[in-house]
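S.K.: here is my input, please return the structure:
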Amino acid sequence: MLKLYSHPLSGNAYKVKLLLSFLGLDYENIDVALEQGEHRQPPFLALNPFGQIPVLVDNDVVLADAQAILVYIARQYGGEQADSWFPTDPLSMAQVGYALAIDHSGRSPSGTRVCKALPSF
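M.R.: Now for the predicted structure:
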């Protein structure tokens, strides 16, 4: 079963949860207690040395970074509609990559939401 390490306030984890839901995939959600610094402890750092969420574990595959996780899920589990979730033609791939990069740049509302809710984050 897929395991997703996340936090309820994480916009990036929310994006991953949405895609998992759209694809009807079962997964175990594991909330990481950012407030207590769980993301900076050795067990979590073994999954992601940067100490960031989300992290997806799929058997032997461990992926950090929401954008990488979204691409993986779309291609690995998108089935016949995988190209709808992450296209393979060069222009569409570039457009999706651009959209993911913009959101990942820190200009998204989720970054502000987490920083306001977790001042020590």
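S.K.: skipping adjacent residues, who's closest to the residue nearest the centre of the chain in space?
M.R.: Nearest to the geometric centre of the chain sits Ala66, at 2.8 Å (CA atoms, centre = their mean). Excluding its sequence neighbours, the residue lying closest to Ala66 (CB to CB, 6 or more residues apart in numbering) is Asn12, at 3.6 Å. C-beta coordinates here come from the backbone N, C-alpha and C atoms, glycine included.
S.K.: same question for Gln52.
M.R.: Ala64 is the one closest to Gln52 (CB to CB, 6+ apart), at 6.3 Å.
S.K.: ok, Asn29 next?
M.R.: That would be Leu4: by CB to CB, 6+ apart, it lies 5.4 Å from Asn29.
S.K.: doesn't that neighbour lie inside a helix?
M.R.: No. Applying DSSP: H, G, I helix; E, B strand; the rest coil, one finds Leu4 to be strand, outside a helix.
S.K.: no further questions, thank you.
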